[in-house]
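# Have a look; sequence and predicted model below, questions after that.
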Amino acid sequence: MEVAESLIHKIHSSFTGGGIHFATPVSSLRTNELDLVRGVLQMLQGLSSSLFYWDDRAQCFHFKSGIYVTHLSQTSLYRILDQFSYAATCLQLVDIVMNKIENSKSLPPPTLKAFACSVSTWLRRIRDVALKEEVKVNSSNGSTTPSILGLSSSLSRLCSGAEYLFQIVHGAIPQLYFELESYFPAADIAVHILNHLYVKLNEVCLVQGGEEDAYRMLLYILVGSLLPYIESLDCWLFQGTLDDPFDEMFFVANKKIAIDEAEFWEKSYQLRSAMPEKLNFADFAQLIRHAPITSLSADSTDDVENGYSIAGLTLSEVFCVSLTALIGHGDHVAEYLWKNDRYLLGSIKECQEQEDIDVAANKQPKLFWQKLLDDTLAQKRDSGFVSYLQEGAINYHNLKGREIYSDEIDIVHRKHCPENPAINVCHGILQENRDAWSSLNISQAFYLPPLNDEWLRQAIFSDKCAHGLTVKNTDYTSGFHSELENLRFREDAKMLEVLLPFPTLLPSFQEDLQMSEVLPFQNNCTLPSRILSWIQNVEPKSTPPPAVILQECLIFYIKKQADYIGRTMLSKLLNDWRLLDELAVLRAIYLLGSGDLLQHFLSVIFNKLDKGESLDDDFELNTILQESIRNSADNVLLSTPDSLVVSVAKNLGFNEDEQYSPSISVSTPRKGRGQSSGMDVLDSLTFTYKVSWPLELIANLEAMKKYNQVMSFLLKVKRAKFVLDKARRWMWKGRGTVTTKQKRHWLLEQKLLHFVDAFHQYVMDRVYHNAWRELCEGVAAAGTLDEAIEVHEAYLLSIQRQCFVVPDKLWGLIASRINNILGLALDFYSIQQTLSNGGAISAVKARCGKEVERIEKQFDDCMAFLLRILSVKLNVGQFPHLAALVTRINYNCFYMSDGGVLATAPGRGALRPA
């Protein structure tokens, strides 16, 4: 029979028949298409053959030059083979990179190791496609003839997947990791890998039909690479321990700050200095401050021992369950697992009871993620129970195998047996063959040597030859030992049966058996392993972007846990550490709310300032302060008298104070008036109250500075009132024949005293009472510690604003005029003191009269300015407390009418217009 001529030979004959001789194809290079197909499939698996080989120098696969098949031109054939060789090269390069990571001298960090493991699994999955195709080709028995064109069509997805996998690996791992021998920070590697996967998944999330492979591949690798990060976060957020031995987390514990320091809540954890400003893969940088303090967040020792979880699951497990529901069914199950605003950190039993209720109410068949959750919780219950060896007396089955006791049945009833993984695999077979249980036990099959190896040690280390060892210690059925030894042996055999049930049981071979199906249930291992296997073959119902995945499956739970920690901390502070009581003490001290707690202290220092004495002795000031506290009826507010300390700032320059002090900027006739007697000297006093730990989380150093600013201003108001009261007593003592000048002095004194009293009443109403009520209401409504901190900060800002000590232009203008008036009160007091001491001299009286006129004019100017500013409707509407101040200082419209017309004419002698 004549063999049909090939296409190549026909083309060659058509030209050579006319005498034109072309190069004849070498017959030895003619390739059987079946061998070519096998070679391609082996090349895709990373294997070399006679037709395809790996070039180590060029780092690529080559095919034998000149090969051809009968029905294809070399150009067409080479184009097809180039496609396969490129795909095989991509897979081989990925395999080389994975081997470099695995065989690196230093242990790879967890994220890089997880990335390599995920990529290796997906690489094996791609190569398994070629392996299955090769098996199909070899088992065809000539019934079907494989072709290179058909292979090109059927493996097109494999080739595109190989190329895309190579692109992922090439972009995810920094090239410097292999080029530099120096240390490459694990945190930089983790951020680079996760950011790259995040960006790539975001690019392919809007997939079209037939393009799900790229999304599935990226999702699998991202989830697998993210799991170590999630496990570290779970340990940190739910147990309060930062387990990061490789230093790859994007934050680091600040070991310089102890737990009992005020800055612990704010600065105990910090971003790494080398971290980029934006981390694409997660939005939980702002949650750094919420790591729980175990001593504060644990309600009992049981909670500390058992740990916390979300509905019985760890953070990585709940991430996997939520991801399964989102990808496979489009369900958002975060609220199901964390049902309400309260935390659901209950036990597995409580969660299972809730599930039973839900199932009873809804008879619909369970979805995959629901079945997965049920199975996981059931396994957790089994593995979470105390071992049956510790639950009570052990009921052994008898050595003859006639009785089966409950403990052995419990072993088989449990789906996962930690003592023998073979039982996990053969669970179904054991249930079907209960009659064979007794024969599988060691006591029914053979006898083992006793656990006591004394005879064996003697035989090895003894100098004497033990010829009788074999006869004496091997045949245990012959009874060559005493009755006591026989009983001990039987007990040892029974113990071995309990420790290792069914030791002779061998599971049957199963293809693609996952280790999670064989080994006992493990947290952060068994469930993620099942989810990763599921992702490889699932047809996603939805392909959400990575931002949605992280928000719905991870960040939601992190924020819930952060809020729970904040609520727990706030509850502890309010109840156990009595936060509001401590804030009330701060209110009594710094807002001068206590009637006589500082009364003696203020009287003494005010008198010292009147005498021109300086306040530069800390010891003397603290002695006066402690005496004032001990003699006060409110001394019970402080735990100890020395918990409040006053100090004087030594770096205040009085020359500068004199330059800017409104009270010193005007000349006074008081002889020998010291530079330290002005109003601004009170700014040098700093009161320090030791807030009990851990209330420093709210009343921190910054808050205490604000308290001191408010207190310094209130002390100026107190001193103005103090000196005006003394001046009034002198004026009443020296009253006699009433003259016009004396009336003028009295009226000026009354106007000054009215302003100071009205302003002091405004401060007590608005700052001491109203602001405190708002603080109490805000703290009661706060749900977390952060919200309580914000309420306290708003409270401090409110009292600062109402006392005009905030660094703001408008408030600065108002504060300057108020300080001027307080300084004028001090100047008026100095004039009255001068008149009472040497007022009979006419020159002194004349000079004092001019000073009174100056004080009156400046007071009228300040009042006119204040009333204009405070009465502006915009300011009153934006800050309602300004209206309350206007009402008090302009009582009965003394200075300004309701229409805004000033009744006082600045610069004129008359107090009111005629």
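Sure, I can see it. Numbers count the residues shown, from 1 in each chain.
# Could you give the number of residues near S153?
Neighbour count of S153, defined by other CB atoms under 10 Å: 9. To be clear about C-beta, it is placed using only N, CA and C from the backbone, and glycine gets the same treatment.
# quick one: it is in a strand?
No. With DSSP: H, G, I helix; E, B strand; the rest coil as the criterion, S153 is helix rather than part of a strand.
# C159 versus that one, what's the distance?
Using CB to CB, to the nearest Å, S153 is found at 11 Å from C159.
# Over to A864?
Counting by CB to CB, the gap from A864 to C159 is 88 Å.
# Surely W54 forms part of a helix?
No. Counting by three-state DSSP, W54 is not part of a helix but strand.
# quick one: it from P880, how far?
82 Å.
# can you give me the strands for the chain?
With DSSP state E as the criterion, the chain has strands at 52-55, 60-63, 251-253, 269-271, 644-648, 685-689.
# Going by contacts, tell me the helices and strands next to the fourth one.
Under the contact criterion of 3 or more CB pairs under 8 Å, 6 or more residues apart in numbering; DSSP states H and E, the helices and strands touching strand 269-271 comprise strand 251-253.
# Can you give me the buried ones in the strand it packs on?
F251, V252 (16 or more other CB atoms under 10 Å).
# Show me the contact partners of stretch 138-146.
Around stretch 138-146, the neighbours that count as contacts under CB atoms under 8 Å, 6 or more residues apart in numbering are E33, L34, V37, R38, V137.
# If we go by neighbour counts, what in the helix ranked longest in the chain is buried?
Criterion DSSP state H: the longest helix present in the chain is helix 701-733. By 16+ other CB under 10 Å, the buried positions in helix 701-733 come out as 703-704, 706-724, 726-728, 730-731.
# what's the answer for stretch 789-807, then?
Neighbour-count burial for stretch 789-807, counted by 16+ other CB under 10 Å, picks out 789, 791-792, 795-796, 798-806.
# ok so, going back, between the contacts of stretch 138-146, which sits nearest K255?
R38 (61.4 Å; CB to CB).
# Could you report the neighbour count for the closest one?
By other CB under 10 Å, neighbour count at R38 equals 18.
# Show me what the longest helix of the chain is packed against.
Using 3+ CB pairs under 8 Å, 6+ apart: helix 701-733 touches helix 579-590, helix 599-610, strand 685-689, helix 740-762, helix 785-802, helix 809-838.
# got the angle between that helix and helix 740-762?
Using axes from the mean of the first three to the mean of the last three CA atoms, to 10 degrees, the direction of helix 701-733 lies 150 degrees away from that of helix 740-762.
# Pull up the per-residue confidence for P110.
As predicted, P110 sits at a pLDDT of 92.
# what's the burial count for it?
20.
# and if you look at the one 5 residues further on?
The number of residues packed around F115, counting by other CB under 10 Å, is 30.
# which residues does Q270 bridge with?
With DSSP bridges as the criterion, Q270 is bridged to V252.
# Just confirm it contacts K255, I think it does.
No. Look at Q270 against K255 with CB atoms under 8 Å: they stay out of range, at 10.7 Å.
# Which one of those two is surrounded by more residues?
Q270 (15 against 7).
# Now do the helices in the stretch 151-300 of the chain.
Assigned by DSSP state H, counting those that start in this stretch, the stretch 151-300 of the chain shows helices spanning 156-172, 176-179, 186-204, 212-239, 264-267, 294-297.
# For the longest one, enumerate the helices and strands it packs against.
It refers to helix 212-239. helix 110-138, helix 156-172, helix 186-204, helix 315-329, helix 526-537, helix 556-571.
# what stretches of the stretch 651-800 of the chain score poorly on pLDDT?
Screening the stretch 651-800 of the chain residue by residue with the criterion pLDDT under 70, one finds the ranges 651-677, 733-739.
# run the last query once more with 80
Low-confidence regions of the stretch 651-800 of the chain, defined here as pLDDT under 80, cover residues 651-680, 693-694, 728-745, 765-767.
# next one: the stretch 401-550 of the chain
401-525.
# separation between the nearest residue to E102 once chain neighbours are set aside and V94?
Closest residue to E102 apart from its sequence neighbours, by CB to CB, 6 or more residues apart in numbering: A116 at 6.6 Å. A116 sits 10 Å away from V94, going by CB to CB.
# Also I818?
Counting by CB to CB, the gap from I818 to V94 is 75 Å.
# try C320
25 Å.
# Which one's more surrounded, the two?
C320 (28 against 24).
# which residues touch the more buried one?
Going by CB under 8 Å, 6+ apart, the list of residues near C320 reads V223, L527, P528, I531.
# Please name the nearest non-neighbouring residue to the second one.
This means L527. Closest residue in space to L527, ignoring its immediate chain neighbours: E317 at 4.7 Å, by CB to CB, 6+ apart.
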